[in-house]
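Novice: pasting the sequence and the predicted coordinates here, then a few questions.
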Amino acid sequence: MVFDDTVNSKILKFADDTKIYHSVDSMEGIQSMRVDLRNLILWSKEWQMLFNVGKCKVMHLGYNNPKVNYIMEATRLQKSERKEI
């Protein structure tokens, strides 16, 4: 299983940092993001490169974003707040 092939979202990787992102404006988008998170966990277990779920966060952007909760390894991801400049 290749990491990039298991995720439908766009992926940014640098060293040990991974970000996935995609537009979430419907129930299908929400479900797709949840499936991507589940697939990331499955991949990380297979390759024994576990995510530090305590450091994982979700950032909601846009006024119409439904701001739903996402879970990794039975842990609800913390929401990262965007700082106003």
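Specialist: On my side now, so go ahead. Residues are numbered from 1 along each chain as shown.
Novice: how about residues contacting stretch 75-83?
Specialist: 53-54, 56-61, 67, 69-71 (Cβ atoms under 8 Å, 6 or more residues apart in numbering). Where C-beta positions appear, they are placed from N, C-alpha and C, glycine not excepted.
Novice: so which residues of the protein form helices?
Specialist: 27-46 (DSSP state H).
Novice: which of the contacts of stretch 75-83 are buried?
Specialist: 56, 58, 70 (16 or more other Cβ atoms under 10 Å).
Novice: beta-bridge partners for the second one, please?
Specialist: Think residue 58. Residues in a beta bridge with residue 58, per DSSP bridges, are residue 79.
Novice: that one and residue 73, how far apart?
Specialist: Distance of residue 58 to residue 73, computed by Cβ to Cβ, to the nearest Å: 14 Å.
Novice: read off the pLDDT value for residue 76.
Specialist: For residue 76, the pLDDT comes out at 96.
Novice: same check, this time on residue 53
Specialist: Looking at residue 53, the pLDDT reads 94.
Novice: equivalent analysis for residue 83, please.
Specialist: Looking at residue 83, the pLDDT reads 68.
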